[in-house]
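S.K.: build me a structure from this.
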Amino acid sequence: MTEPARVIGSRDHGKGKPFSYYTYGAAFAEVEIDTLTGDFDTRTTNVFMDLGYSLNPAIDFGQVEGAFIQGLGWVTLEELKWGDSSHKWIPSGCLYTCGPGSYKMLSLILNDIPFKFNVSLLKLILKVVLLVLDNLKSLFICLRAGGQDAILVARAETGHTGWFPLDNPATLERITMACLDEFTAPFVSSGFHPKLSV
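M.R.: A predicted model of the protein is given here:
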């Protein structure tokens, strides 16, 4: 009699052990925006990862850098476009932007990547308590937070304070409209919520 296959995890039943290990990290980013065009520059990014004992630090650095850049594109450029009544040219319920051929990608040569990009791997003996995040996607939120802080400053200069909507991804159009300066204020209210930029 053969032994049944070991089930690592069951998404349907919410049971099992889907991950063999967890990694923890924190990221901090300084973001500068152009309030007139919505263009942004990530001036400095610092990523701290606790990966345990590394077999090959060069590979780990490359994986962390690549994941961060992928996340940068996710929070700033990759706008999901679904087929609905507003987009009749896309079949209903279908995702149009389902690959790199149908959405704008980061340019690794130009200024889409951070100007100063630091990645640090913490050693197990250094139990430094930073901002512990248990999900790698959460590292990209620092970019959004940095951009939102810059928009808050721009809005404060025109007398608008408090919460404002900024959906993912923070495209150039959404950043421009969120700044609510003398050029955009005549067209939108302080709580303007943009639709897809199609």
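S.K.: quick one, phi psi at the residue nearest to the spatial centre of the chain?
M.R.: Nearest residue to the geometric centre of the chain (CA atoms, centre = their mean): V75, 3.2 Å. Main-chain dihedrals, V75, degrees, to the nearest 10: phi -90, psi -10.
S.K.: from L166, how far off is it?
M.R.: Per CB to CB, to the nearest Å, V75 is found 10 Å from L166. Every C-beta, even on glycine, is put in place using the N, C-alpha and C of the backbone.
S.K.: between these two, what contacts are shared?
M.R.: Residues touching both V75 and L166 (CB atoms under 8 Å, 6 or more residues apart in numbering): R144.
S.K.: could I get the contacting residues of the nearest residue to Y24 once chain neighbours are set aside?
M.R.: Sequence neighbours aside, D50 is the residue nearest to Y24 in space, at 4.7 Å (criterion: CB to CB, 6 or more residues apart in numbering). D50 makes contact with 23-25, 121-122, 124 under the criterion CB under 8 Å, 6+ apart.
S.K.: quick check on the residues you listed: which are buried?
M.R.: Among the contacts of D50, those classed as buried by 16 or more other CB atoms under 10 Å are 24-25, 121-122.
S.K.: V31 reaches R43, doesn't it?
M.R.: Yes - look at V31 against R43 with CB atoms under 8 Å: they come within range, at 6.9 Å.
S.K.: of these two, who's got more company?
M.R.: When neighbours are counted by other CB atoms under 10 Å, V31 and R43 differ, and V31 comes out ahead with 23 against 13.
S.K.: which parts of this protein are strands?
M.R.: Secondary structure of the chain by DSSP state E: the strands cover 9-10, 15-16, 24-33, 40-50, 116-122.
S.K.: run through the neighbouring helices and strands of the second one.
M.R.: Read it as strand 15-16. strand 9-10 (3 or more CB pairs under 8 Å, 6 or more residues apart in numbering; DSSP states H and E).
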